[in-house]
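Trainee: Sequence and predicted structure are below.
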Amino acid sequence: MTFDLESLSEATSGAIGSLVSTTVLYPLDTCKTKYQAEVQAHHQRKYRNISDVLWEAISTRQVLSLYQGLGAKNVQSFISSFLYFYGYSFFKRLYMKKTGSKTIGTQANLLAAIAAGACTIVVTQPLDTAASKMQTSEFGKSKGFWKTLSEGTWSEAFDGLGISILLTTNPAIQYTAFDQLKQRILKGKMSKKTGIKSSPEVLSAFTALMLGALSKCAATCLTYPAIRCKVMIQAAESDTDGSEDERKVQRTISGAFYTILRREGLLGFFKGLQAQILKTVLSAALLLMVKEKITKTSWILILMIRRYLFVNHAKLKSA
């Protein structure tokens, strides 16, 4: 089995970038997720804003609980990013090969991103659900990764799958916007070297940071109501104020939608938007900055590994 080296390089650098951004920003992600998961009328809310979640952790001496679920989230984000970036790069290159084009348009780019996202989500959804349940558990009472992952039925492990597939439009918008802007910036700067294939052209760290933040901000604003519903669906078990029947209803897209509308009104669909933008924009900007900076390094390492394996294979054949 052969791998597309450029796609493998993109996947490796993207997965490492995701691991770094997830770890650095995890406490903020926990506060954001717990805040989003609470669905109550305004006067009944435990958390008035995202800072209340942080203060609860400090006042109860459970600051380290802000990292509950970090292991699950890191496993999920690494696997998810690797599969996503490999599929995204592979589908784009496949399109250009089939059409004979040297660039990819916006519509084709969006389709490639959605296809890569859908394939990734089917594989990683149980990990995402487990991580969300651990994050929204009461501070200091989160279950272990494997216990959270293994408890319940397979259908519960895939809670939110439908809306997660719908939310493939989020990274599709983000990475399409990023790549289209990147193509314009790098236009005319492609390497003219001949012979050995050169490494991919990359952006500077600052440019990647700014483009990553801008593209993620746009994607988040456009898809936020679905993001809020997804958090509710995955955290339904943690809603201790609701009955078992209510929790079952909340595990469906229509049930989550109706619950938010009934308890919080139309503005409830945008509760936590500022926190989501802050977290996701910082995360996306950091991920893409790290990814751009290590793309060439991962490319060189992959070429070295391939050459090493090729030389050893040749020696074994000649022996």
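Mentor: Structure's in. What do you need? Residues are numbered from 1 along each chain as shown.

Trainee: Check the most centrally placed residue in the chain and give its pLDDT.
Mentor: With the centre of the chain defined as its mean C-alpha position, the nearest residue by Cα atoms, centre = their mean is residue 77, 6.1 Å away. Residue 77 carries a pLDDT score of 89 in this model.

Trainee: for the closest residue to residue 210 other than its chain neighbours, helix, strand, or coil?
Mentor: In this structure, residue 210 finds its nearest non-sequential neighbour in residue 285, 7.5 Å apart by Cβ to Cβ, 6 or more residues apart in numbering. Where C-beta positions appear, they are placed from N, C-alpha and C, glycine not excepted. Residue 285 carries the three-state label helix when classified by DSSP: H, G, I helix; E, B strand; the rest coil.

Trainee: for the stretch 201-319 of the chain, which spans come out with low pLDDT?
Mentor: In the predicted model, the stretch 201-319 of the chain carries pLDDT under 70 at residues 201, 236-251, 313, 315-319.

Trainee: What ranges does it have for its helices?
Mentor: With DSSP state H, counting those that start in this stretch as the criterion, the stretch 201-319 of the chain has helices at 205-234, 244-250, 253-264, 273-318.

Trainee: and those, which is most packed in?
Mentor: Mean neighbour count (mean count of other Cβ atoms under 10 Å) peaks for helix 205-234 among the helices of the stretch 201-319 of the chain, with a mean of 21.

Trainee: list the helices and strands that helix packs on?
Mentor: For helix 205-234, the packing partners by 3 or more Cβ pairs under 8 Å, 6 or more residues apart in numbering; DSSP states H and E come out as helix 26-37, helix 106-136, helix 161-166, helix 169-186, helix 253-264, helix 273-318.

Trainee: which strands and helices sit next to the longest one?
Mentor: For helix 273-318, the contact count by 3+ Cβ pairs under 8 Å, 6+ apart identifies helix 5-24, helix 26-37, helix 205-234 as packing neighbours.

Trainee: Redo those as JSON lines? Include distance to residue 312.
Mentor: Conversion of the helices and strands packed on helix 273-318 to JSON lines gives the following (distance: least, Cβ to Cβ, whole Å):
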{"stretch": "helix 5-24", "distance to residue 312": "18"}
{"stretch": "helix 26-37", "distance to residue 312": "40"}
{"stretch": "helix 205-234", "distance to residue 312": "36"}
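
Trainee: Quick check: which of the helices and strands packed on helix 205-234 is nearest to residue 224?
Mentor: helix 273-318 (5.3 Å; Cβ to Cβ).
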